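Chemist: Return a 3D structure for these sequence lines:
(chains A and B)
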Amino acid sequence: MRHLMMTTTAALALTAFAAHAQEVRVYNWSDYIDEGLLSKFEQETGIKLIYDVFDSNEVLETKMLAGGSGYDVVVPTGTFLQRQITAGAFQKLDKSKLPNLANMWDVIEARTAQYDPGNDYSINYMWGTTGIGANVGKVTEVLGEDAPLDSLELVLNPANMEKLAACGVHFLDAPAEMIPMALKYIGEDPNSHDPDVIAKAEPVLSAVRPYIQKFHSSEYINALANGDICVAVGWSGDILQARDRAEEADNGVEIVYNAPTEGAQMWFDQMAIPVDAPNPDAAHLFLNFIMDPENMAAASNYVYYANGNAASKEFLEEDVIGDPGIYPSDEAMENLFTTTPYPANVQRIVTRLWTRIKSGT
Amino acid sequence: MRRFLLIALPFTWLLALFLVPFLIVFKISLSDIALAIPPYTPTLDLSEGWAGIKAFLSQLDFENFIFLTQDDLYWKAYLSSLQIALIATVLTLLVGYPIAYGMANAPDHWRPTLMMLVILPFWTSFLIRVYSWMGILSTEGYLNQFLLWLGVISTPLTILNTQTAVYIGIVYTYLPFMILPIYSALERMDGSLLEAAEDLGCSRLSAFWLVTVPLSKNGIIAGCFLVFIPTIGEFVIPSLLGGSQTLMIGKVLWEEFFNNRDWPVASAVAVILLLILIIPIVLFQINQQKQREAEE
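Modeler: This next block holds a predicted model:
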């Protein structure tokens, strides 16, 4: 009887809660936020936050294009955002509900405007570069003290890769990152949409293919940190997270991140509100919460990615704002390139090329 | 009337859970890719009535199926999936048969416990079990550490992200589906048949080949189909345990769907996969039917 009473009370309490509670559903990249911020948002607004993660733009894009994803806030990368805006997947932001927009960094806003003109549909969450993570001990053991840790030579020169194969190399499973990198290495335009130019990336990547253990876009964080692999081509903050996990585990693994000196791809992860978001008001509240300088700084301090929020800089820890791997110097910024999305027919060629590179067929 | 209802129920089931989804996929496979929500055209506009339906039908074509024949990727992926499924099925049979045999010959009071042990892994999520294999098989994983500790090997073996890991994963995951039908066939077997065979001069080994194996044939065939069919379309095991050289149709389908955003081609791949699976199943059914008739 007591049990029954308790159940009834609980049920009543739940109904009462449901009557008032609002929900906001956020779909973000994995390992990409300080989870303390999530509970802080719930406390400040009383809105229940449901947080899901993905590890590839493709998964997000498929959900967006299928429609009815049920999410209120999603975080596509610039190139994907641009295409999804064209497809009509997002709603325009109501800027009157976003007073914290004043905190944003004009330099980054100017760059994101090439994907989202006027930044009408999105705000910048984080940005970073695509580069090379290396286990210093293992790599210098294999290649010697003068191993080119900050150069594409390390990962795209077969002579180096042959030696590194034994200790394990992972590449991103993301053709939109790897093909521009290969094109940059041979001096072609990394943003080319010309199938003939794109085809030139194939021999470069195929030549090092036998020495790559796996193409994957998130496993390398743990694999690097555990010492399972010695080199990964990956995203800046992910590799810096691996560095930190290794330091915490105190397992003798020392990881460094370098944006290649030949030029690195710069990307922007943008928060946007799907056109069919169930709760757009709460979504705006969430965006405004994220653009609060202290909150944004907390996120960057946790995930080791730079953000597009100028006002947050004073709250950043020294090992974030002072790390050129996260906030590159002005001249290093000049060396970073951006890409634009492939049209559908070129995308098919790129995917096919990528399958051929990965599987050898 | 009662008979009609009796038949109607399974047919409604088939219609709702197989035919309708199949027709939806088939319809998408005849469409064209578009940058929109959903990402294909044409969409059926019923408000225009018959004219709408006609306009809709006139836009459908078999272009995507023709495309599949023009690129060798697709048939290579189908063949490679068939090969992996075939090898994995044989391996599962080799591992599963002795286990089922041991279970069927165990003392009666042990059998429920043994049965429980076979089913027990299902209580944990399939995904978690595959992930734990990553922990076991990785270069710094438990298996390598154990072998290094034993002194059997001096450098760690690379097993994870190779074809070997895929086979280990498949055999592990699908083992119960092989054991259970074989066990139920062996359990029903009349033990006196073996005694008779031995009385008539068979050695134990030849009695096994001549009596036990043929009598468990139906269990073997059922087990093989239960392993073979889902393995062909397997996606999770090769993508988690396999390397990039592992080419399987499930992965190709994923790429068409997610990387190319080409739902029509992805649907065409799925339709052909279904056809490939249906043919052996139908052949098997016909064969069973003939046997039953011959026996009668």
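Chemist: interface residues of the stretch 51-200 of chain B facing chain A?
Modeler: Applying Cβ under 8 Å from any Cβ of the partner chain, we find that the stretch 51-200 of chain B lies next to chain A at B:71-73, B:76, B:138-140, B:158, B:161. For every residue, glycine as well, the C-beta is placed using N, CA and C.
Chemist: Pick out the most distant pair among those.
Modeler: Greatest spatial distance in these: B:D71 and B:E140, 38.9 Å, computed using Cβ to Cβ.
Chemist: quick check: mean pLDDT across the helix or strand containing A:L205?
Modeler: Using DSSP states H and E, A:L205 falls within helix A:201-208. Throughout helix A:201-208, pLDDT has a mean value of 95.
Chemist: what do you get for stretch A:138-152?
Modeler: Across stretch A:138-152, the average pLDDT comes to 93.
Chemist: now swap in stretch B:177-184 and tell me
Modeler: Computed over stretch B:177-184, the average pLDDT equals 94.
Chemist: how about B:L137, what does it touch?
Modeler: When contacts are counted by Cβ atoms under 8 Å, 6 or more residues apart in numbering or on different chains, B:L137 is found next to B:143, B:159-160, B:165, B:168, B:241.
Chemist: so which of those residues would you say is closest to chain A?
Modeler: Nearest to chain A among the contacts of B:L137 is B:L160, at 8.5 Å by Cβ to the nearest Cβ.
Chemist: Pretty sure the closest one sits against B:E140.
Modeler: No - B:L160 is beyond contact range of B:E140, at 10.0 Å (criterion: Cβ atoms under 8 Å).
Chemist: Ramachandran angles for the residue nearest to B:T162 when sequence neighbours are not counted?
Modeler: Excluding the flanking residues, the one nearest B:T162 by Cβ to Cβ, 6 or more residues apart in numbering or on different chains is B:G243, at 5.5 Å. With angles defined as degrees, to the nearest 10, B:G243 sits at phi -100, psi -180.
Chemist: Same check on A:K214?
Modeler: Dihedral angles of A:K214 (phi, psi; degrees, to the nearest 10) stand at phi -160, psi 140.
Chemist: quick one: it and chain B, what's the gap?
Modeler: Relative to chain B, A:K214 is positioned 5 Å away (Cβ to the nearest Cβ, to the nearest Å).
Chemist: Identify the neighbouring strands of the helix or strand following the helix holding A:L205 in the sheet and state each direction.
Modeler: Next along the chain after helix A:201-208, taking DSSP H and E as the criterion, comes strand A:214-215. Looking at strand A:214-215 with DSSP bridges, its partner strands are strand A:169-171 (parallel).
Chemist: Not counting whichever helix or strand comes after the strand it pairs with itself, show me its contacts.
Modeler: Beyond strand A:169-171 on the C-terminal side, the first helix or strand identified by DSSP H and E is helix A:175-185. By Cβ under 8 Å, 6+ apart, the list of residues contacting helix A:175-185 from outside reads A:57, A:79, A:130, A:152, A:156, A:171-172, A:189-192, A:197-198, A:200-201, A:204-205, A:233, A:260, A:262-263, A:265, A:267, A:337, A:339, A:342, A:350-351, A:353-354, B:259.
Chemist: of these, buried ones?
Modeler: Neighbour-count burial (16 or more other Cβ atoms under 10 Å in any protein chain shown) applied to the contacts of helix A:175-185 gives A:57, A:79, A:130, A:152, A:156, A:171-172, A:190-192, A:197-198, A:200-201, A:204-205, A:233, A:260, A:262-263, A:265, A:267, A:339, A:342, A:350-351, A:353-354, B:259.
Chemist: Narrow the residues you listed to those in strands?
Modeler: A:130, A:171, A:233, A:265, A:267 (DSSP state E).
Chemist: Which of the residues you listed sits closest to chain B?
Modeler: For these, the closest approach to chain B (Cβ to the nearest Cβ) belongs to A:F171, at 8.8 Å.
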